[in-house]
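Undergrad: heads up, no residue letters with this:
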């Protein structure tokens, strides 16, 4: 992609506002789920803002597609992450990486190393995925008969034990939709975790082999 | 393998019909397992078509062996996946990749990238393995005393938590055959999941390092 | 290591008898654990043969050390697997790989590919580790108050769910020694499983990328 | 980093005493947690020595920062492990690797191979993390209503099943702080375990491919 193309300029200008919008979306969703004593007026406001933000995300997606000049199906397959975050706006903060790039290009800071960036990105994504997943599962499970996920704390604990594939089983979803969300978290989480693990392992190997080189000469 | 050899031509001509046949096989098996109120006539038809399809798969396997011109034992070791899907026809849709190749060669579409193909193949295989495994385990567990897998939904949930190695343990097989199926799913599933995780991790690393290169020059 | 050195010749001559001895050792242990109605005479014979075989393994270890001409501590660190199977003879069949090499060199068969060998070796090792671990854990757990591992079938099921890191938790060791064995299995098993997963993933990537090359030219 | 720089000399001189101090810190913490019948005087002494050692660690961190001549934020990001062990001194023995380097440089021993060092380092770290985590979780869980972690043995067993991601679920933390510690262990443990698994897998591949080379020539 050319840096001065319309698509790149659109990305540069919209990335930060859209990221803020996605945080607002997550906050509105969390408010709806967690603030059970909220008056119905505020709850409606949360829902309305979520719908409005979703529209904004969809428009951004369509504009990018038109600017990119690709066929729609090809655009979808080459921008899988982007497509996913339009369908499930809760995952939108996963787009923190292009944001980082945009911010960083303006400031000219030194970049982190490749491993550090992958680890930072995947860790942040895992955290976000866990939070959103815990929210969504809690909304389904709350009040279900026989549910073991009784508080939001239980939901977060369940999300941690699921994303790390530990899976104690002391807290598990019992509703159908809760289990669908859990399956999605297993699928996404495994990929992200694999990225963290793989990068950490590669970084450790690199560090050790560099240390070996550094130590080598003085020993001669 | 030469593209114009008899073996390659046989593969080209039979791959699509055989894939359809494997889907019919899975559907017949699913009907036998899930449609409990089916009349015995229909149940017998399902069983008969499964046996007939199995024969077709076995004949295809033998024809390929003869066309390949290898010793039988060597053919078995070099075509492990093919051998597995003949023994367990439920896994036959795993041969979706050669199908993709055949279809794609006829149409001349641009190929997906290596990572995308590995991820797509392993994800599809995992999905199929989970569905077939859930069916087979449900057939064994249904009605067993003390079983925790009471509905097909439970079986699918169990399959998801097994293939992702999360293993909550809220639903577990209690019969011997159910546990044998579960062990097979653990073995196959881990390999496929490792492929998804490894490819995703490699793709993420590649994407980040390419982004690093792309961003580099304008910053100078 | 030179192929004609005394150490290599010792290895060539002793590898097959020692492997048979290790299978006898495992069989004797399994008999002691599983055949509960055995007369005390036969049980004593099993124990005696286990002790005798252990002595043979220890002598083989010491002879190899002397023939190798290394300091003892260095020999231990460079032959970790060998040291492990002397301390825990149940794991001795893990030395199936040098056996394969010895047999194969005599016959001159074509070798399997690197991935196939790693997968075959790690799968066999995992199977053996699971069987030995299930035996040892079952011996500890059998009859313990509150034990969930009541039959040997339970023990094998537990071993499978432990080695695959699924960990349902429907069957778990409750005795201290049973938990020590379980921890050892987790540690060893994870390494072996990592090898299987990694090799399979690499093989899949290689297969796909080779297929890509093969398909390429005819498409031009 | 230059080997003769003030920072390097400071590291060489302080690494061994600081490692001993970290072991004393862990011992003092273990004493406070496990020795329940200790008089309050001894308990106070343990706490006092822990605080004093923490101060020592903090001073060492600041001295290294000043000697390194970097901005503080940059120092923090490039010395993440160091920062972590200052915040959580229980993890300080993780710095066993620089210690190994210092000791080894003085003695001029032959170095272990890269894989062996990564495996040794990650295994030791995992062991330590498990012990510290079991201690910390046990301190939280002990006496909590409905706790399944009743003895320190239970806590160690829980730590093993958590770090290996097996997660049986027969012993799980129920308090909020216990779950926070567990989540930290999952995160750290997965990285370390990934390193062990990855290195072991790489070493196995290397060993097999070297064996293949070694065997090759005589076969001609």
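TA: Perfect, thanks for sending it. Everything numeric here is computed off the predicted structure, so don't read it as measured data.
Undergrad: quick one: is the host helix or strand of residue A:32 near chain B?
TA: Element membership for residue A:32 (DSSP states H and E) is helix A:6-34. No - for helix A:6-34 and chain B, the contact criterion (CB under 8 Å from any CB of the partner chain) is not met; the two come no nearer than 10.0 Å. Placement of C-beta: from N, CA and C, glycine included.
Undergrad: hmm, the host helix or strand of residue A:46 touching chain B?
TA: Assessed by DSSP H and E, residue A:46 sits inside helix A:40-68. No - using CB under 8 Å from any CB, helix A:40-68 stays clear of chain B, coming no nearer than 15.4 Å.
Undergrad: tell me the contacts of the residue nearest to residue A:167 when sequence neighbours are not counted?
TA: Across the structure, with CB to CB, 6 or more residues apart in numbering or on different chains as the measure, the residue nearest residue A:167 apart from its sequence neighbours is residue B:166 (3.5 Å). Residue B:166 makes contacts with A:162, A:165-167, A:186, C:166, D:167, as judged by CB atoms under 8 Å, 6 or more residues apart in numbering or on different chains.
Undergrad: any idea how far chain B is from the one residue sitting closest to the centre of chain A?
TA: Closest residue to the average C-alpha location of chain A: residue A:94 at 3.1 Å, with CA atoms, centre = their mean. Per CB to the nearest CB, to the nearest Å, residue A:94 is found 12 Å from chain B.
Undergrad: element containing the closest residue to that residue other than its chain neighbours?
TA: Spatial nearest neighbour of residue A:94, chain neighbours left out: residue A:125 (5.1 Å); criterion: CB to CB, 6+ apart. Here residue A:125 sits within helix A:114-141, counting by DSSP H and E.
Undergrad: so how far is that helix off the chain centroid?
TA: 5 Å (CA atoms, centre = their mean, to the nearest Å).
Undergrad: give the buried residues for it.
TA: A:114-115, A:117-141 (16 or more other CB atoms under 10 Å in any protein chain shown).
Undergrad: next one: stretch A:48-64
TA: A:49-50, A:53-54, A:56-57, A:60-61, A:64.
Undergrad: how about stretch A:28-41?
TA: Across stretch A:28-41, burial judged by 16+ other CB under 10 Å covers A:28-33.
Undergrad: is stretch A:129-139 anywhere near chain B?
TA: No - residues of stretch A:129-139 are not located near chain B by CB under 8 Å from any CB, the shortest gap being 12.9 Å.
Undergrad: mean confidence score for that stretch?
TA: Per-region confidence: stretch A:129-139 scores 92 on mean pLDDT.
Undergrad: and it, anywhere near chain D?
TA: No - under the criterion of CB under 8 Å from any CB, stretch A:129-139 makes no contact with chain D; the nearest approach is 9.4 Å.
Undergrad: so how far is stretch A:80-96 off the chain centroid?
TA: For stretch A:80-96, the distance to the chain centre is 7 Å (CA atoms, centre = their mean).
Undergrad: got the domain boundaries for chain A?
TA: A:1-93, A:112-220 (automatic domain parsing).
Undergrad: just name the most buried of those domains.
TA: Among the domains of chain A, the stretch with the highest mean neighbour count (mean count of other CB atoms under 10 Å in any protein chain shown) is domain A:112-220, at a mean of 20.
Undergrad: helix or strand right after the helix holding residue A:46?
TA: helix A:72-78.
Undergrad: could you see whether chain B lies near the following helix or strand past that following helix?
TA: Later in the chain than helix A:72-78, the nearest helix or strand by DSSP H and E is helix A:80-87. No - legend: contact between helix A:80-87 and chain B by CB under 8 Å from any CB is lacking; minimum distance shown is 8.6 Å.
Undergrad: other residues contacting helix A:80-87?
TA: By CB under 8 Å, 6+ apart, helix A:80-87 touches A:22, A:57-58, A:61, A:64, A:76, A:91-92, A:94-95.
Undergrad: tell me which residues touch the nearest residue to residue A:139 once chain neighbours are set aside, please.
TA: Of all residues not flanking residue A:139 in the chain, residue A:33 sits nearest, at 4.8 Å (CB to CB, 6+ apart). Neighbouring residues of residue A:33 by CB under 8 Å, 6+ apart: A:135-136, A:138-139.
Undergrad: give me the residue from chain A nearest chain C.
TA: Per CB to the nearest CB, residue A:169 is where chain A lies closest to chain C, at 5.7 Å.
Undergrad: hang on, that residue packs against residue B:170?
TA: Yes - here residue A:169 reaches residue B:170: they are 5.5 Å apart, a contact under CB atoms under 8 Å.
Undergrad: tell me which residues touch residue A:157, please.
TA: Residues near residue A:157 by CB under 8 Å, 6+ apart: A:171, D:179, D:183.
Undergrad: again, only using 10 Å
TA: Contacts for residue A:157 (CB atoms under 10 Å, 6 or more residues apart in numbering or on different chains) come out as A:134, A:149, A:151, A:168, A:170-171, D:172-174, D:176, D:178-180, D:182-183.
Undergrad: average pLDDT for the strand or helix carrying it?
TA: In the assignment (DSSP H and E), residue A:157 maps to helix A:152-163. Computed over helix A:152-163, the mean pLDDT rounds to 93.
Undergrad: wait, residue A:148 touches residue A:138, no?
TA: No - assessed by CB atoms under 10 Å, residue A:148 is found out of contact with residue A:138, at 11.9 Å.
Undergrad: what sits in contact with each of those two?
TA: Jointly contacting residue A:148 and residue A:138 under the rule CB under 10 Å, 6+ apart are A:154, A:158, A:173.
Undergrad: looking at those, which one is closest to chain B?
TA: Using CB to the nearest CB, those come closest to chain B at residue A:173, 8.5 Å.
Undergrad: how about that closest one, what does it touch?
TA: Neighbours of residue A:173 in contact, by CB under 10 Å, 6+ apart: A:137-138, A:140-141, A:144, A:147-149, A:155, A:158, A:162, A:179-183, B:157, B:168, B:170.
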